[in-house]
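Peer 1: sequence first, predicted model second:
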Amino acid sequence: MTLQLRYKGSTNVPVEVEGITPCSLRDKTLAEIEQCTIFHGNDKVPLAEFFDVSGTASNEEMQWLGDLSGVHWIGAKMLRGKISIHGNGGRHIGSELQGGEIDVEGNAGDWVGAEMHGGTIHVRGNAGHLIGAAYRGSARGMTGGRILIDGNVGNEIGHTMRRGLLAVGGNAGDLAAFNMLAGTILVFGESGIRHGAGMRRGTLGFFGNNSPPLLPSFQHACRYQPEFVPLLFAQLKGHDFVVPEHLFTTEFDLYHGDLIEGGRGEILTVAA
């Protein structure tokens, strides 16, 4: 039976569970898992104080159950295995993830997949700001892996992103791909302003009904049907991410920028 952690807390103080991952618990008994240290605010407490623990960790699969919106760092620094979150999750889900899969059936907070290196995170609801981003002062954000958000997201997704794929099925806020070094960000809904500011390389795609206003440091190059785009969409569909069928045969406008940073990045928008 998969390891199950059912949240039983009723506190407004954040609960932080960094280090509680499938691979770290694999060889522990239930009694040992219950005594693993987590944080309630600044206080160290045993895991069992806030979670009912059942099942086994031997198969490196874990289920988190309940309203976990106040529980942060789920799956942070995970190396391998699978985590399922049945409900809403807090901030920093999959932060610095190196491998494995994290599936969130509800919504997630800020910093999903921040500075992750590999693996897959799929949020079936909405997520917050700074998805796949660099922490303040860091040289780079997400450097590999895949983040799929079915719903809406906030501002500064992919901030200083270096590599990997970030796809958003709903709407996005402002400043997507700010300071982007490389990688791919795709937004299938509406979005805000000032996207790609400081972008050096990489691909940013806006596939909603209304293309966002672009900075004047992006220059129109051409209108065409990129061969790689249908392949990318097919890959997304293979990971249970919805892609509108008409986009497979749509023409796109290509823009180069940020010209202030050399103009090697690209933005794709649906041709009007």
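Peer 2: On my side now, so go ahead.
Peer 1: around Ser217, how many other residues sit close by?
Peer 2: Applying other CB atoms under 10 Å, we find 17 residues neighbouring Ser217. Glycine gets a C-beta too; all of them are placed from N, C-alpha and C.
Peer 1: which ones are touching it?
Peer 2: Ser217 is in contact with 197, 257-260, counting by CB atoms under 8 Å, 6 or more residues apart in numbering.
Peer 1: quick check: longest helix of the protein.
Peer 2: helix 228-238 (DSSP state H).
Peer 1: list the buried ones in that helix?
Peer 2: 229, 232-233, 236 (16 or more other CB atoms under 10 Å).
Peer 1: go on, stretch 71-79?
Peer 2: Applying 16+ other CB under 10 Å to stretch 71-79 flags 71-78 as buried.
Peer 1: render the CA-only coordinates of that stretch in CSV, please.
Peer 2: Extracted as CSV, the C-alpha positions of stretch 71-79 are listed here (Å, rounded to 0.1, in the frame of the first residue of the first chain):
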residue,chain,number,x,y,z
VAL,A,71,1.7,23.0,4.1
HIS,A,72,4.8,24.1,2.2
TRP,A,73,7.8,22.5,0.5
ILE,A,74,6.1,19.3,-0.4
GLY,A,75,8.4,17.3,-2.6
ALA,A,76,11.2,19.8,-2.3
LYS,A,77,14.6,18.4,-3.5
MET,A,78,13.0,15.0,-4.3
LEU,A,79,15.4,12.7,-6.3
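Peer 1: centre of the chain to that stretch, how far?
Peer 2: Its chain's C-alpha centre and that of stretch 71-79 lie 12 Å apart, by CA atoms, centre = their mean, to the nearest Å.
Peer 1: before we move on, what about stretch 106-124?
Peer 2: Distance, centroid of stretch 106-124 to centroid of chain: 3 Å (CA atoms, centre = their mean).
Peer 1: for the stretch 151-272 of the chain, just list every one of the strands.
Peer 2: Secondary structure of the stretch 151-272 of the chain, counting by DSSP state E, counting those that start in this stretch: strands at 163-168, 184-187, 203-206, 219-224, 252-257, 265-270.
Peer 1: where does Ile33 fall, secondary structure wise?
Peer 2: helix 30-34 (DSSP states H and E).
Peer 1: which is the succeeding secondary structure element to that helix?
Peer 2: strand 37-40.
Peer 1: show me which positions of that next one end up buried.
Peer 2: 38-39.
Peer 1: could you spell out the sheet neighbours of the next helix or strand after that strand, each with its direction?
Peer 2: Once the chain leaves strand 37-40, the next helix or strand it forms, by DSSP H and E, is strand 43-46. Strand pairing for strand 43-46, using DSSP bridges, gives strand 37-40 (antiparallel).
Peer 1: distance of the residue of the chain most remote from its centre from Pro46?
Peer 2: In the chain, the greatest distance from the average C-alpha position (CA atoms, centre = their mean) is reached by Ala31, at 32.5 Å. Applying CB to CB, to the nearest Å, the value for Ala31 to Pro46 is 11 Å.
Peer 1: hey, what's in contact with both of those two?
Peer 2: Common contacts of Ala31 and Pro46, defined by CB under 8 Å, 6+ apart, are absent altogether.
Peer 1: can you pull up the bridge partners for Cys222?
Peer 2: Leu254.
Peer 1: for Ile38, that is, sorry about that
Peer 2: Bridge pairing for Ile38 - DSSP bridges - gives Val45.
Peer 1: name the SS class of the residue lying closest to Trp64 once chain neighbours are set aside, please.
Peer 2: For Trp64, ignoring the flanking residues on the chain, the nearest one in space by CB to CB, 6 or more residues apart in numbering is Ile85 at 4.8 Å. For Ile85, the assignment made with DSSP: H, G, I helix; E, B strand; the rest coil gives strand.
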